[in-house]
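J.: Sharing a sequence plus its predicted fold:
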Number of protein chains: 2
Amino acid sequence: MTNPPPSARACIPFVSVENMVRLTAAIGLPRVLTELAAYIEADFLRWESFEKTPRLASHSPEGVIELMPTSDHVNYAFKYVNGHPSNLKRSLQTVVAFGVFSDVRTGYPLLMAEMTLLTAMRTAATSALVARRLAPAKSRVLALIGNGAQSEFQTIAMQTICGIEEVRLYDIDPSATRKAARNLAGTGLKIISCATAEDAILGAQIITTCTADKQNATILTDNMIGAGVHINAIGGDCPGKTELHSDILKRSDVFVEFPPQARIEGEIQQMPADFPVTEFWEVLAGRKPGRKSESQITLFDSVGFAIEDFSALRYLRDKLEGTDFLQYLDILADPDDTRDLYGMWTRIAAATAERAVR
Amino acid sequence: MTNPPPSARACIPFVSVENMVRLTAAIGLPRVLTELAAYIEADFLRWESFEKTPRLASHSPEGVIELMPTSDHVNYAFKYVNGHPSNLKRSLQTVVAFGVFSDVRTGYPLLMAEMTLLTAMRTAATSALVARRLAPAKSRVLALIGNGAQSEFQTIAMQTICGIEEVRLYDIDPSATRKAARNLAGTGLKIISCATAEDAILGAQIITTCTADKQNATILTDNMIGAGVHINAIGGDCPGKTELHSDILKRSDVFVEFPPQARIEGEIQQMPADFPVTEFWEVLAGRKPGRKSESQITLFDSVGFAIEDFSALRYLRDKLEGTDFLQYLDILADPDDTRDLYGMWTRIAAATAERAVR
C-alpha cells in the first residue's frame, strides 16, 4: 500500500481502525459527535428523498449479519454489521462493522471505512440528537444501564449535546461499570457507580439502556419508571432482543427511526402491529409534536437505521479531504480499454511474472 | 500495510486486483475456470442448504447497485456489484464488484476481495458448467455475440470445460471484435470474426449473448435460431434489460438459477409469471431432465446468483492458503477488553499523537 496506486481510478480511499481513531482524535471526540449529529439531522430533514428499506438480515442461532443500504439518488451507502452477543465469551466484539459510500451515477465505490467505531459514534450522536428534542428541558442526570462498548460514546454525546452533568452507571457485571467510570474520569461529569438499576435511575431525566443480551430481557420494569423521563432504548435491536417490559411501552409516547424496521427489531416488536409510533424525523421537521408535557414519558425505540450510516460516511468523506488519514485500496479493475478486462489481466500477469523472474 | 498488523484479530486478508491477477495467473486461467466450475457445482448440489434471497437492488436512471448475500449457515458471503452501461462513455467499467466472506458463528469477515475479475471468471465458469450439461453432445462451435469485458473469459471456459474448438465473434462495434480476436489468439481456438449476428451463429451449437445495453434489445430473433442449439443468455440481467425476442423463449426449454430473481431480471421478465422454467441445480442433482432430444432448444437465462459468488469466494479462500497474494486490512476494531472500545480509542489516539510529536 506504500507503492503508488496502480491508477487513480483503480483505487478507493480506505479508512482503517487506526486512521478512524487518528482522524476523530485530531478533530476531538465531542466535536465529532456534535458534527455527526448535525449531519444526521440534515439528512433526517430530507428523509423523504432517501430510498429506504429494512435492513437485509441473515439470522443464525448465535447472532445476525446485516446489510444496511440507502441512497439519496446522488450517493449510495451500505454498512455490513453483525450482532453476536456470544462473541463476548470468545473475547470478540459483539458488533463489528464496515461501510462503503458510492456514486449513484457510476455505481463506483468512493470510500470504504471501518465502522465499528463510527457506528458507536453515530449511534451516540443519534441518541443525543433525539434526547435534545424529547428529553425534559434542563435534563442534567443520565442513567446508563449497560456499560459495554457503546456506553462512553453515549455518555459523551449526552454531555456535549444535551448538557448532562451527572451519569449514573449500572451493569450486571461490576467490572464493566468500573471500566466505564475509569474511562469517563476527566470528562468533567459527576460519575456515580450504582449497584442496582433502581439506584441508577434515581433522579435521572434520561435513561439509556444499552445491553447486549440476545433475549427478551427486562432491564426496566414499569414500576421503576416515573413520570416525565426520556428513555433512550438502544439495546433492543433485533427479533427476540428487547430490554423493556411492555407495560412501559403502553405508558410512553414511542418515537422510532423507520417503522417497518422498528416493528420487527425494536422494543415495539412486543406490541400489536398497529401500536402507535411517531417517526422522529417528523418531529425534527416540525410535522409532529415531540414532548407535549412535563409528565409525559418519551421513549426512543432506536434500532439504528441506514440513513444514520449514510450521514456518518458522508461526514467522514468531508472530513477526510486534505488529510492523510487514509490508505488507497486497489479494489477496482481499471483497464485502459473498459471492454478489455482480459487484456488487463494478461498485462498484469505478464508484468508480475517478469518481476518474479528478476 | 507493510507494517505488522495492529493485531491478528483486527485484520482481515484483502485480495486486490493485482493480487487477484497474480493468484489466477500462478494457477493458470483454464485451471481456475475448471476448479471454479467444480466449486460452483458442489454448492449447487447442496442448493437447499443455502439461505437464498433475490439481490437487493438500488436502481437509478443510469444503472443499478446491488448487494447479493447468501449463507450456508457456516459461512456468509455478499457481493457489491453495479451495472452501469453508460459508464462505457466515461471510460469506466460497466460492472465493478467486490465481496466479503464471513464466519456465521462470530459474524466476523474472514476475507475481502476485488470481484470485478472474479465475477467475470465465475460467470464464465457457471456458463460452461451449464453448457456441459445442456448443450448438444460434441458441441464444437461457439457463437459469441457481444465482445466486451466478459467475452474472453466466456470463451476460454467454453473451450476448457466444453471442448469448444471454434469461436465466431460478433459485436455491433467492430473494434470490440478485433480486441477479442487479438486476445484469443494463441489459445488454439479457430477464431472467426463476423460482420453480422446471423453470420456468427452459422454452425454454432452454443450461442452466448453478452451485451451490455440497458434496454429491451433484440440481439437474437426467432428466425435466427435453428433446432438443437444451446443459448447461453447472460446479458439480460436486470429489469428492462433483455436480449432475446420472446418468441425464442416460447420455443425453448428455459433453465434458470433462482426463479424469484430470474423472473424479475432475466429474459423471462418478458413472459407471464407462470412461464415454466427449470432450476438448473435440479438438473445437476438428477431431479429434473436436462437436454431431452437433439432438436430441443435449451436456454440458460442467467442473471448471476449469490451462491456463485459464495463459491468463488470459498475457492479464493482455499487457494490463498500459504500464498502471499494478499494484504491485511485493519478493518476490525479489536480492543483487549471487548467491552472497552472507548479505551482502545483513547490508547490509539494517545499513541499516534505521541508519534506525531516525536
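T.: Here it is on my side, so go on.

J.: For the rest of this, base every contact and every neighbour count on C-alpha atoms.
T.: OK.

J.: Just the pLDDT at A:Gly236, thanks.
T.: On pLDDT, A:Gly236 comes in at 68.

J.: same thing with A:Asp253?
T.: As predicted, A:Asp253 sits at a pLDDT of 97.

J.: Return the residues of the stretch 51-200 of chain A in contact with chain B.
T.: Taking C-alpha under 8 Å from any C-alpha of the partner chain as the criterion, the stretch 51-200 of chain A approaches chain B at residues A:58, A:60, A:62-65, A:71, A:73, A:82-84, A:86-88, A:91-94, A:96-98, A:104-108, A:113-114, A:116-117, A:147-150, A:152-153, A:176, A:179, A:183.

J.: Kindly report the same for the stretch 201-350 of chain A.
T.: Residues of the stretch 201-350 of chain A lying near chain B (C-alpha under 8 Å from any C-alpha): A:329-334, A:336-343, A:345, A:348-349.

J.: returning to that earlier point: cross the residues of the stretch 51-200 of chain A next to chain B against strands and list the overlap.
T.: Using DSSP state E, the subset of those located in strands is A:58, A:60, A:63-65, A:71, A:82-83, A:97-98, A:113-114.

J.: from those, which two are the most distant?
T.: A:Ser60 and A:Ser71 (27.8 Å; C-alpha to C-alpha).

J.: neighbour count winner among these two?
T.: A:Ser71 (23 against 16; other C-alpha atoms under 10 Å in any protein chain shown).

J.: Just confirm A:Ala204 is within a helix.
T.: No. A:Ala204 is assigned coil when assessed by DSSP: H, G, I helix; E, B strand; the rest coil, not a helix.

J.: And the pLDDT at it?
T.: Reported pLDDT at A:Ala204 in the predicted model: 97.

J.: Return the helix or strand in chain A with minimum mean pLDDT.
T.: Within chain A, judged by mean pLDDT, DSSP states H and E, the helix or strand with the poorest mean is strand A:216-220; its value is a mean of 79.

J.: From the ones in strands among the residues of the stretch 51-200 of chain A next to chain B, keep the buried residues only.
T.: A:58, A:60, A:63-65, A:71, A:82-83, A:97-98, A:113-114 (16 or more other C-alpha atoms under 10 Å in any protein chain shown).

J.: and A:Ser193, what is it in contact with?
T.: Neighbour list for A:Ser193: A:168-170, A:177-178, A:181, A:200 [criterion: C-alpha atoms under 8 Å, 6 or more residues apart in numbering or on different chains].

J.: From the chain's centroid, how far away is stretch A:172-182?
T.: Counting by C-alpha atoms, centre = their mean, to the nearest Å, stretch A:172-182 is centred 22 Å from the centre of its parent chain.

J.: ugh, wrong one, stretch A:67-80
T.: Relative to the mean C-alpha coordinate of its chain, stretch A:67-80 is positioned 14 Å out (C-alpha atoms, centre = their mean).

J.: picking up where we left off before, now list the buried members of the residues of the stretch 201-350 of chain A next to chain B.
T.: Looks like those have A:329-334, A:337-343, A:345, A:348-349 buried, using 16+ other C-alpha under 10 Å.

J.: so which two of these are the farthest from each other?
T.: Spanning the widest gap among those are A:Leu329 and A:Arg339, at 22.2 Å by C-alpha to C-alpha.

J.: now do the same end-to-end measure for stretch A:176-192.
T.: One end of stretch A:176-192 to the other measures 13 Å (C-alpha to C-alpha, to the nearest Å).

J.: Skipping adjacent residues, who's closest to A:Thr123 in space?
T.: In space, and not counting its chain neighbours, A:Thr123 is closest to A:Gly304: 7.0 Å by C-alpha to C-alpha, 6 or more residues apart in numbering or on different chains.

J.: which SSE is the one you found in?
T.: Assigned by DSSP states H and E, A:Gly304 falls within no helix or strand.

J.: Any chance you could list what contacts the least confident helix or strand of chain A?
T.: Against strand A:216-220 from outside (C-alpha under 8 Å, 6+ apart): A:145, A:197, A:209, A:240-245.

J.: Could I get the full set of helices for the stretch 201-350 of chain A?
T.: A:246-251, A:259-265, A:280-284, A:306-320, A:341-357 (DSSP state H, counting those that start in this stretch).

J.: so which of those helices comes closest to A:Arg22?
T.: Closest to A:Arg22 of the helices of the stretch 201-350 of chain A is helix A:306-320 (C-alpha to C-alpha; 11.0 Å).

J.: Show me how far the closest one is from its chain's centre.
T.: Helix A:306-320 sits 11 Å away from the centroid of its parent chain (C-alpha atoms, centre = their mean).

J.: Look up how far B:Ser293 lies from A:Asp337.
T.: 42 Å.

J.: my bad, A:Ile201
T.: 77 Å.

J.: again with A:Lys79
T.: Taking C-alpha to C-alpha, one finds A:Lys79 at 49 Å from B:Ser293.

J.: Of those two, give the one with the bigger neighbour count.
T.: The neighbour comparison of A:Lys79 against B:Ser293 (other C-alpha under 10 Å) goes to A:Lys79, with 25 against 10.

J.: Sketch out the low-pLDDT regions of the stretch 151-300 of chain A for me.
T.: Across the stretch 151-300 of chain A, residues meeting the criterion (pLDDT under 70) sit at A:213-216, A:236-237.

J.: Where do the strands of it begin and end?
T.: A:166-170, A:190-193, A:206-209, A:216-220, A:230-233, A:242-244, A:252-256, A:278-279, A:297-301 (DSSP state E, counting those that start in this stretch).

J.: With distance to A:Pro272 as extra columns, can I get these in a markdown table?
T.: Shown next, in a markdown table, are those (distance: least, C-alpha to C-alpha, whole Å):
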| stretch | distance to A:Pro272 |
| --- | --- |
| strand A:166-170 | 31 |
| strand A:190-193 | 37 |
| strand A:206-209 | 22 |
| strand A:216-220 | 16 |
| strand A:230-233 | 19 |
| strand A:242-244 | 15 |
| strand A:252-256 | 13 |
| strand A:278-279 | 15 |
| strand A:297-301 | 15 |
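
J.: Quick check: which of those is nearest to A:Glu41?
T.: strand A:278-279 (13.3 Å).

J.: That closest one pairs with which strands, parallel or anti?
T.: In the sheet, strand A:278-279 lines up against strand A:252-256 (parallel) (DSSP bridges).

J.: Pull out the buried residues from the partner strand.
T.: Buried-residue list, strand A:252-256, by 16+ other C-alpha under 10 Å: A:252-256.

J.: Among the residues you listed, find me the one that's closest to B:Gly266.
T.: A:Val256 (37.6 Å).

J.: what's the neighbour count on A:Arg178?
T.: Neighbour tally, A:Arg178, other C-alpha under 10 Å: 16.
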